[in-house]
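# Prediction below, plus the sequence it came from.
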Amino acid sequence: KWKGIIEAYREYLPVSEKTPVVSLHEGNTPLIKADNLSKAIAPDKNLQIYLKYEGLNPTGSFKDRGMTMAISKAKEEGKTAVICASTGNTSASAAAYAARAGMKAYVILPKGAVAVGKLSQAMIYGAKIIALMGNFDDALTIVRQIGEKYPVEVVNSVNPYRIEGQKTAAFEICDYLEEAPDFHFLPVGNAGNITAYWKGYKEYYQKGKVKKTPRMIGWQAEGAAPIVKGFPIKNPQTIATAIKIGNPYSWQPALQAAKESNGFIDAVSDEEILEAYKLIASTEGVFCEPASAASVAGVIKAYRKGLFKGSEIITCTLTGNGLKDPDTVIMASEKPIEMPPDINQIAKFLEL
Ligand SMILES: Cc1ncc(COP(=O)(O)O)c(/C=C/C(=O)C(=O)O)c1O
């Protein structure tokens, strides 16, 4: 039976029998074949698209992979409190795993910029929450200063244990496909995840578990694309609030992952993100949050630019569950029509 990613991939992780395993049975998420989506995007290419649905982790995002490692190691080192800056998912995950570990969690969030589902999670798990009068980058700066000065463990992806835990998603993909994909598409915010995936693919390749590594293709939102632009963005703007980040901590490792893998990092517009967001749900029944859809918006953009020959195996990480951010759906969708309980009117409207 599945008991979380540390038990599943212990030999690849910096843990020993002395490490207390704090787990919510994260990982082992579905890799869903998306043939309807593939036909909708590129009817002429027979692309073998798979969706790594990380929204089915315990707190609804890929962050749980890194957090089980960061919190377990913090507990091993005798820490009693953790702190993070977050656009929402990191704080939700840190609060949950800290609660489970009997630790205090302090989270610093950009005021008014966190999706309601994520904020509710940090609250109910018992974190101390600060709504910072600033953006994510300001929050991360503060958190790193606090981590230097006070006995609290920083659990943002500046913490290498987060990268270690998150690389296990690449292992799961290779185990399932019994080979590495040709391309891996994913969104890029603070850039820990693209760094982690590339580390995982390389480790599996070096171990001879796969005969190749994928081209890593990262996607930022056009209004929050420092890596694409080549300079930090002071006031990043995007509807995909999870990746509204102007100065990614793992900027260099992300560039290295793109370069080493013969991949690249590019940007998609909010409109392209919302188009992909709806298409994934309406063609495959998979509901991810807006930032996650940047990966599929990237597949659409890459197809239109002629990247694919045909039949390539493309894995896309859907990083967070759509339920995290219901307000965006309501805002981006048609309002439901109001009707009286009249069978004729309803049958007529439904064109039965
Ligand atoms: C749904 C979702 N999709 C993509 C990303 C980008 O991953 P990274 O490039 O590894 O940062 C995030 C990141 C969120 C935070 O950074 C945070 O929660 O503070 C996310 O929540």
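On my side now, so go ahead.

# The stretch 51-200 of the chain against the ligand: which residues are in contact?
With C-beta under 6 Å from any ligand atom as the criterion, the stretch 51-200 of the chain meets the ligand at residues 61, 86-90, 157, 187-193. Where you see a C-beta, it was placed from the backbone N, CA and C, and this is true even at glycine.

# cutoff 5 Å now
By the rule C-beta under 5 Å from any ligand atom, the part of the stretch 51-200 of the chain lying against the ligand is 86, 87, 89, 90, 187, 188, 189, 190, 191, 192, 193.

# want to try a markdown table for the residues you listed, with neighbour count, pLDDT and secondary structure as columns?
What follows is these, written out as a markdown table (neighbours: other C-beta atoms under 10 Å; pLDDT from 0 to 100; DSSP: H, G, I helix; E, B strand; the rest coil):
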| residue | neighbour count | pLDDT | secondary structure |
| --- | --- | --- | --- |
| 86 | 29 | 98 | coil |
| 87 | 24 | 98 | coil |
| 89 | 31 | 98 | helix |
| 90 | 30 | 98 | helix |
| 187 | 32 | 99 | strand |
| 188 | 35 | 99 | coil |
| 189 | 30 | 98 | coil |
| 190 | 27 | 97 | coil |
| 191 | 27 | 98 | coil |
| 192 | 26 | 98 | helix |
| 193 | 29 | 98 | helix |
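
# would you list those in TSV and tack on distance to residue 125?
Formatted as TSV, these follow (distance: C-beta to C-beta, whole Å):
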residue	distance to residue 125
86	13
87	17
89	13
90	13
187	24
188	27
189	22
190	21
191	26
192	21
193	22
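
# Farthest pair within those residues?
86 and 188 (16.2 Å; C-beta to C-beta).

# need the helix or strand of the protein with the lowest average pLDDT.
Sorted by mean pLDDT, DSSP states H and E, the helices and strands of the chain end with helix 326-332, the least confident at a mean of 95.

# What lies in contact with that one?
115, 116, 117, 239, 274, 277, 278, 289, 290, 322 (C-beta atoms under 8 Å, 6 or more residues apart in numbering).

# Which residue, neighbours along the chain excluded, lies closest to the second one?
With sequence-adjacent residues excluded and distances taken as C-beta to C-beta, 6 or more residues apart in numbering, residue 116 is closest to residue 327, at 6.0 Å.

# need the residues of the stretch 251-352 of the chain near the ligand, please.
Residues of the stretch 251-352 of the chain lying close to the ligand (C-beta under 5 Å from any ligand atom) are 291, 319, 320.

# among those residues, which are in strands?
When these are checked against strands (DSSP state E), there are no matches.

# Let me see the ranges of the helices in the stretch 201-350 of the chain.
Ranges of helices within the stretch 201-350 of the chain are 226-229, 251-260, 270-284, 290-304, 326-332, 343-349, based on DSSP state H, counting those that start in this stretch.

# Only C-alpha atoms, please: export the least confident helix or strand of the chain in CSV.
Extracted C-alpha coordinates of helix 326-332, given in CSV (Å, rounded to 0.1, in the frame of the first residue of the first chain):
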residue,chain,number,x,y,z
PRO,A,326,-13.5,28.9,-7.5
ASP,A,327,-13.7,32.6,-8.0
THR,A,328,-11.8,32.5,-11.2
VAL,A,329,-14.2,30.0,-12.7
ILE,A,330,-17.3,32.1,-11.7
MET,A,331,-15.6,35.2,-13.2
ALA,A,332,-14.5,33.4,-16.4
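
# Show me how far that helix is from its chain's centre.
Distance, stretch centre to chain centre, for helix 326-332: 19 Å (C-alpha atoms, centre = their mean, to the nearest Å).

# tell me the contacts of the closest residue to residue 42 other than its chain neighbours?
Once flanking residues are discounted, residue 42 sits nearest to residue 303: 4.7 Å by C-beta to C-beta, 6+ apart. By C-beta under 8 Å, 6+ apart, the contact set of residue 303 is 41, 42, 45, 47.

# Distance check, residue 239 against residue 217.
Distance of residue 239 to residue 217, computed by C-beta to C-beta, to the nearest Å: 21 Å.

# picking up where we left off before, pick the most buried one from the helices of the stretch 201-350 of the chain.
Highest mean neighbour count among those (mean count of other C-beta atoms under 10 Å): helix 290-304, with a mean of 26.

# CA atoms of that one as PDB?
The C-alpha trace of helix 290-304 is given here as PDB (Å, rounded to 0.1, in the frame of the first residue of the first chain):
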ATOM      1  CA  PRO A 290      -5.300  28.600 -13.700                       C
ATOM      2  CA  ALA A 291      -1.500  28.500 -13.100                       C
ATOM      3  CA  SER A 292      -1.500  24.800 -13.800                       C
ATOM      4  CA  ALA A 293      -3.200  25.300 -17.200                       C
ATOM      5  CA  ALA A 294      -0.100  27.300 -18.300                       C
ATOM      6  CA  SER A 295       1.500  24.000 -19.100                       C
ATOM      7  CA  VAL A 296      -1.300  23.100 -21.600                       C
ATOM      8  CA  ALA A 297      -1.500  26.600 -22.900                       C
ATOM      9  CA  GLY A 298       2.200  26.100 -23.600                       C
ATOM     10  CA  VAL A 299       1.500  22.900 -25.600                       C
ATOM     11  CA  ILE A 300      -1.000  24.800 -27.700                       C
ATOM     12  CA  LYS A 301       1.500  27.600 -28.300                       C
ATOM     13  CA  ALA A 302       4.300  25.200 -29.100                       C
ATOM     14  CA  TYR A 303       2.100  23.300 -31.500                       C
ATOM     15  CA  ARG A 304       1.200  26.500 -33.400                       C
END
